[in-house]
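Chemist: show me the folded form of this:
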Amino acid sequence: MTAERMSPDSRTGGPLCYSESVRNRSRAECTDLPWCIIFLLFLIFLIVTGVVAVLFGSPFRLLYGQDSFGNICGVKNDPIQDREMTGQDMTDRPFVFSYDITKPRDSLKMCVSRCPHRRLSTLKELETFAAREKSRLCRYDLAVADYVNSDAANVTRAQCEFLRSDGSSVEVLKDYGDEGCLIKILQWAEGYGSCPKLPVNPTVQILNRCVPNKADASAAVVYDFYAYLNSFDFYSRVMADLYASYREITGVCVSAFLVSVMILLVMHFIPAAAIPVIVAVVLLSGSAATGLLWWAWATLKSSLDYRMYSAQYDVLREETKNEIVLLVFAIAATLFTIVIFLLLLLVRRNTSHVVRMFQEGSRCIRQIPFLLLQPLWTFLCLGLFFVSWACVMLCLATSDFPRFVRKEIQFSNGNATFGIPYTTVTLIEYDDHTFLRLLWLCYAVALVWVSEFILACQHMVVAGAVSMWYFEKDKKECHGPVMAATKQLIFHHLGSVALGSILITIFKVPRLIRQYSKKVLKLKRTNGCLRVTRFLNHITHNAYAIVAVQGTNFIPAAKEAYSLLAENSLNEMLGVNSLGDFVIFLGKCAVTGVAAVIGFLSMKYDPQLHLYAIPLLLCCIFAYFIAHSVLSLYEVVIDTLFLCYCEDLRIHEFCSEASDTVDSANHQRFKQAYFASASLQEFMRTRIKRNNDVELHEDADEPLATQ
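Modeler: Next up is the predicted model:
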């Protein structure tokens, strides 16, 4: 805030910050309007592409597969351009069965109720199996009673003579003389007959497909069939696992929210117990997650090694990928747990002031109880967005266009080749649409940006409500600060939230690298590096409080928050604040660790999941966002109180140095008044006094440096 903004108010003789309510002080125009428009256009783009993906995609195809006529197994289908045998109700037929297991890519495929578990050598056995097991293996338009007479066709006399010479391929059922004859096809080319190629070997259910049992089929057949399964698009298989695990993901997200609320309640009602509880949970959950990941990797690796060395070919590519991903997760979890443990050893003696800081935050929240509802609305918004995002991603994975292919049973005697009438079928295959598939990159960006936008909206509302409450002389007269802050956000500050959410996310990692290079590597910085450092220091969520209070754009507000902290001797106090942020970060990690353990135990033994490491990673990401939405309430409240106190000091100093032209009565009233409560003043003054007794060695470019 410049000196011009702190000029005396003509009505009261005091600074503007004293004479006007904070809720009326923000400018009426919108802040960062261009970014509001950009974000709105981005949302429209996501909605339009999402609608297109839903129209062309079918997530059930990922999980259940489809037959050769375009019907998705396990669901009720709609007709496709009035093609034959499309639009079938496959609710009770969830498995894909190939007519010729030696050629799984080319043979006809049907949806069946149950995979054949025993050898079927004749059409009569197919009929018996269909009657007893309620699983029809022949084409949908063929009644069970007609199985023994399947693939019969009327042909001309010339064709009849041509086919009669090959007794292994056809059987003449009835001779009509010169008019022709009725033949029965005995040998089906590439498995395109009315019934599967005999004999039908026993199969097992894998990926909702009927896969030949390795005990009853040759190694070559098993190898070819698993090669066919491994040829499926990897991205589609990942999406299939995500769809199959939606119940587990939903349960983990709800559990993460409940654990976050429990930690928040401990911080609110028992601040002294918050740190021990958070530390215990993060260490236990981190250790448990690390141990489970190493155990899962070791058991999976041992199983895969045994199957590979014993010349078994029933290994899915998802299992090998799962082994690699689990190893990476186990190493990352181990390193993270060790680092957290070492950091806790370093800061274990400096937690008493953090408890006092949590108490001040709790006192503020008790005065504004509706702040406790903000994490609930944020959780609901995040949940709605996560569900929509997941649905669109699943549809993008199946956004393919149908292509019609004609197949016909043909016979050849070496001199001539022709097809048999009534044996031509039209099959439906799907071609990948590369453009729609590439949209998942946009939705990967959307997952981060929109999630951060939702969280930033909560930050803006909380910061605005706390600042309104802080700069109100009579706290009892501060009515509805949360509602007022929400209105300001909706009508004035959405552009600043859109800009801040993307900038803070982009520069979060560079800021951590800069801090590491300064404090650990002790690298020397050039003038250019100083400019970059200052810019990185500006871009923090503290800017939201300044936007809410002053109604300025995000970048000027970020600079204002930076200079406001730099003007006050609060090095040690801000160090305590950083330690408090670290404790809250540990709380988020604790929630994520608990979510990881719950997700692992619920997914590892799910037979439908073959690459459960990816859904587990998504659970952890969602859990962290949810924990951030809940626990950041205290983080924003405390940081806003710090900024408001710094502004309070600067306003008080301005009043103390006011010229004689200011009305003396009002001047004395404003000079003696602080907006901060007595407990907050006592806490801050104690820390500032101790800070002034210590020689500081901070660089001039840091916001913690003294004047």
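
Chemist: SS state for residue 92?
Modeler: coil (DSSP: H, G, I helix; E, B strand; the rest coil).

Chemist: helices of the stretch 151-300 of the chain, residue ranges please.
Modeler: Secondary structure of the stretch 151-300 of the chain, counting by DSSP state H, counting those that start in this stretch: helices at 157-164, 219-230, 234-244, 246-269, 271-309.

Chemist: with just CA atoms, put the third one into PDB.
Modeler: Coordinates of each C-alpha in helix 234-244 appear next as PDB, following Å, rounded to 0.1, in the frame of the first residue of the first chain:
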ATOM      1  CA  PHE A 234      -2.000 -49.300 -23.100                       C
ATOM      2  CA  TYR A 235      -3.700 -46.000 -22.500                       C
ATOM      3  CA  SER A 236      -7.100 -47.800 -23.000                       C
ATOM      4  CA  ARG A 237      -6.100 -50.500 -20.500                       C
ATOM      5  CA  VAL A 238      -5.200 -47.900 -17.900                       C
ATOM      6  CA  MET A 239      -8.500 -46.200 -18.400                       C
ATOM      7  CA  ALA A 240     -10.200 -49.500 -18.100                       C
ATOM      8  CA  ASP A 241      -8.600 -50.100 -14.700                       C
ATOM      9  CA  LEU A 242      -9.600 -46.600 -13.700                       C
ATOM     10  CA  TYR A 243     -13.200 -47.300 -14.600                       C
ATOM     11  CA  ALA A 244     -13.100 -50.700 -12.900                       C
END
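
Chemist: what is the mean pLDDT for that helix?
Modeler: For helix 234-244, the mean pLDDT works out to 80.

Chemist: buried ones in that helix?
Modeler: Under the neighbour-count criterion of 16 or more other Cβ atoms under 10 Å, helix 234-244 has 236, 237, 238, 239, 240, 241, 242, 243, 244 buried. In this view, the C-beta of every residue, glycine as well, is placed from N, C-alpha and C.

Chemist: for the first one, same thing?
Modeler: By neighbour count, with 16+ other Cβ under 10 Å as the criterion, the buried positions of helix 157-164 are 159, 160, 162, 163, 164.

Chemist: with stretch 558-566 instead?
Modeler: Applying 16+ other Cβ under 10 Å to stretch 558-566 flags 558, 559, 560, 561, 562, 564, 565, 566 as buried.

Chemist: let me have those in JSON lines, extended by pLDDT, secondary structure and distance to residue 284.
Modeler: Formatted as JSON lines, these follow (pLDDT from 0 to 100; DSSP: H, G, I helix; E, B strand; the rest coil; distance: Cβ to Cβ, whole Å):
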{"residue": "558", "pLDDT": "87", "secondary structure": "helix", "distance to residue 284": "38"}
{"residue": "559", "pLDDT": "86", "secondary structure": "helix", "distance to residue 284": "42"}
{"residue": "560", "pLDDT": "85", "secondary structure": "helix", "distance to residue 284": "42"}
{"residue": "561", "pLDDT": "84", "secondary structure": "helix", "distance to residue 284": "37"}
{"residue": "562", "pLDDT": "81", "secondary structure": "helix", "distance to residue 284": "38"}
{"residue": "564", "pLDDT": "79", "secondary structure": "helix", "distance to residue 284": "40"}
{"residue": "565", "pLDDT": "74", "secondary structure": "helix", "distance to residue 284": "36"}
{"residue": "566", "pLDDT": "73", "secondary structure": "helix", "distance to residue 284": "40"}
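
Chemist: out of those residues, who's nearest residue 620?
Modeler: residue 558 (30.0 Å; Cβ to Cβ).

Chemist: pretty sure the closest one sits against residue 545.
Modeler: No - using Cβ atoms under 8 Å, residue 558 is not in contact with residue 545, being 10.6 Å away.

Chemist: output the below-cut-off pLDDT ranges for the stretch 401-550 of the chain.
Modeler: 408-423, 431-437, 474-477, 509-537 (pLDDT under 70).

Chemist: now the helices for it?
Modeler: So, for the stretch 401-550 of the chain - with DSSP H, counting those that start in this stretch - the helices run 434-470, 481-488, 494-519, 527-538, 542-550.

Chemist: tell me what the longest one is packed against?
Modeler: Contact analysis of helix 434-470 by 3 or more Cβ pairs under 8 Å, 6 or more residues apart in numbering; DSSP states H and E lists helix 33-56, helix 352-367, helix 374-396, helix 481-488, helix 494-519, helix 542-550, helix 613-656 as its packing neighbours.

Chemist: and that helix, what's buried?
Modeler: In helix 434-470, counting by 16+ other Cβ under 10 Å, buried: 436-437, 439-440, 443, 446-447, 449-470.

Chemist: related to what we said a few turns ago, so which of the helices and strands packed on helix 434-470 gets nearest residue 302?
Modeler: Using Cβ to Cβ, the helices and strands packed on helix 434-470 put helix 613-656 closest to residue 302, at 16.9 Å.

Chemist: the inter-axis angle of the closest one versus helix 246-269?
Modeler: 30 degrees (axes from the mean of the first three to the mean of the last three Cα atoms, to 10 degrees).

Chemist: average model confidence for helix 613-656?
Modeler: 84.

Chemist: tell me the contacts of residue 248?
Modeler: Each residue near residue 248 by Cβ atoms under 8 Å, 6 or more residues apart in numbering is listed here: 599, 602, 603, 606, 615, 619.
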